[in-house]
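Undergrad: Below is the structure, and that's it, no one-letter string:
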């Protein structure tokens, strides 16, 4: 009979399914490219924050989770995390279109993807406000003696919020099974993170609260998978929270209305040369675990899935007027 301790050690050393992770990153990329196209055609309204360039962070991290007992919280740039959690892309696209068949009944839009059954707790629009919620869920796990962990993703713009520091303090005092993941994509809206932070290395902030911290290359999905695996193991085995600063880069503006004129074309191209999808694809080709023909077939299949999701969203009915006042708390 396998002991709980052995199960936790197996989790930490879990061998990544690299072809599956490549497919997930490609699905996120194609889904968002299609969403951007629909936004340009005014089929999608409101905000749309794209995750293109950051795919390795969500995919490499969430690959460790058993979403029957583990949980994910994230901020408003949530498409990639939702897809990595296995949410149906038809429901996600319909949500962007504001249709009743969307995962939040068309009332949340881009920033509020949600799936209770898959333990994907959003999609939160207020910067840093979900960080204490993640700790609350981790406290529930500890109180009930469950063998779970919470991954809490947030951007570099949230790390100076008071809620972040208060939560890390309590997480350490109570030894909660939570991994805090700062996705440093270099810009808080249009501001270089170095202009608004007294330190360039966010991982050292964990030391202030007695929490292990580490910087991780977020363009390399294998490195992300390895480092998050160790943090998940530490959370489950020792009840020790961890702070990871995963350095990444978004290719698009903060949202669709942002032309991103605060950075040079040369900087953007330099990061595109470190594209997480191309890095993993090249690795698999070199190791002879993938052929170019297999990759092209995978890409075509994914594009067809995304097209079907867009067709589903377009054909789905608009919410009725009677639904206007449902799901509203006063």
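TA: Nice, I can see it. Remember, predicted model here, so these are calculated numbers, not experimental data.
Undergrad: Please work out how many residues are found near residue 95.
TA: 29 (other C-beta atoms under 10 Å). For every residue, glycine as well, the C-beta is placed using N, CA and C.
Undergrad: With residue 298 instead?
TA: Neighbour count for residue 298, taken as other C-beta under 10 Å: 17.
Undergrad: ok, it touching residue 22?
TA: Yes: the criterion here is C-beta atoms under 8 Å, and residue 298 meets it with residue 22 at 7.5 Å.
Undergrad: Could you check which helix or strand contains residue 236?
TA: Secondary structure from DSSP states H and E places residue 236 in helix 221-238.
Undergrad: what is the mean pLDDT for that helix?
TA: What helix 221-238 shows for mean pLDDT is 97.
Undergrad: contacting residues for the residue minimising distance to the centre of the chain?
TA: Nearest to the geometric centre of the chain sits residue 81, at 3.4 Å (C-alpha atoms, centre = their mean). By C-beta atoms under 8 Å, 6 or more residues apart in numbering, the residues touching residue 81 are 58, 62, 72, 74, 113, 120, 153.
Undergrad: Residue 199 belongs to a strand?
TA: No: assessed with DSSP: H, G, I helix; E, B strand; the rest coil, residue 199 is coil; it does not lie in a strand.
Undergrad: Could I get the phi/psi values of the residue lying closest to it once chain neighbours are set aside?
TA: Nearest non-adjacent residue to residue 199, counting by C-beta to C-beta, 6 or more residues apart in numbering: residue 205, 7.4 Å away. Phi and psi for residue 205, reported as degrees, to the nearest 10, are phi -60, psi -30.
Undergrad: Is it correct that residue 205 is in contact with residue 159?
TA: Yes: at 7.0 Å, residue 205 counts as touching residue 159 under the criterion of C-beta under 8 Å.
Undergrad: Where does the prediction get shaky in the stretch 1-150 of the chain?
TA: The model of the stretch 1-150 of the chain has pLDDT under 70 over residues 1-14.
Undergrad: now whatever helix or strand comes next after the helix holding residue 236 and helix 221-238, what's the angle there?
TA: Counting by DSSP H and E, the next helix or strand C-terminal to helix 221-238 is strand 242-247. With axes from the mean of the first three to the mean of the last three C-alpha atoms, to 10 degrees as the basis, strand 242-247 and helix 221-238 are set at 170 degrees to each other.
Undergrad: Quick check: buried residues in the helix or strand following strand 242-247?
TA: Remark: after strand 242-247, the chain's next helix or strand is helix 265-272, criterion DSSP H and E. Judged by neighbour count using 16 or more other C-beta atoms under 10 Å, the buried positions of helix 265-272 are residue 271.
Undergrad: what packs against the helix or strand following helix 265-272?
TA: Counting by DSSP H and E, the next helix or strand C-terminal to helix 265-272 is helix 276-286. Where contact means 3 or more C-beta pairs under 8 Å, 6 or more residues apart in numbering; DSSP states H and E, helix 276-286 is packed against helix 18-40, helix 55-62, helix 221-238, helix 292-315.
Undergrad: Centre of the chain to helix 276-286, how far?
TA: Centre-to-centre, helix 276-286 and its host chain are 21 Å apart (C-alpha atoms, centre = their mean, to the nearest Å).
Undergrad: which residues sit against that helix?
TA: Contacts for helix 276-286 (C-beta under 8 Å, 6+ apart): 18-19, 21-22, 25-26, 29, 53, 55-56, 218-222, 290-292, 295.
Undergrad: Any quick ChimeraX command for the buried ones out of the residues you listed?
TA: Applying 16+ other C-beta under 10 Å to those leaves a buried subset, and the ChimeraX line that selects it is:
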select :18,21,22,25,26,29,53,55,56,218,219,220,221,222,290,295
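Undergrad: For residue 25, give me its contacts.
TA: 55-56, 59, 221, 276-277, 280.
Undergrad: Same question for residue 159.
TA: Counted by C-beta under 8 Å, 6+ apart, residue 159 has contacts 182, 197, 202, 205.
Undergrad: Also residue 221?
TA: 16, 18, 21, 25, 55-56, 59-60, 276, 279-280.
Undergrad: Starting from residue 222, give me the distance back to the nearest residue to it once chain neighbours are set aside.
TA: Once flanking residues are discounted, residue 221 sits nearest to residue 56: 3.8 Å by C-beta to C-beta, 6+ apart. According to C-beta to C-beta, to the nearest Å, residue 56 stands 9 Å off from residue 222.
Undergrad: hang on, the earlier thing: what about whichever strand or helix holds the residue nearest to the centre of the chain, distance to the chain center?
TA: Counting by DSSP H and E, the element that carries residue 81 is helix 79-84. The chain centroid and the centroid of helix 79-84 are separated by 6 Å under C-alpha atoms, centre = their mean.
Undergrad: what about residue 37, neighbour count?
TA: For residue 37, using other C-beta under 10 Å, the count is 12.
Undergrad: go on, residue 74?
TA: Residue 74 has 29 nearby residues by other C-beta under 10 Å.
Undergrad: Pretty sure it sits against residue 128.
TA: No: Residue 74 is beyond contact range of residue 128, at 11.9 Å (criterion: C-beta under 8 Å).
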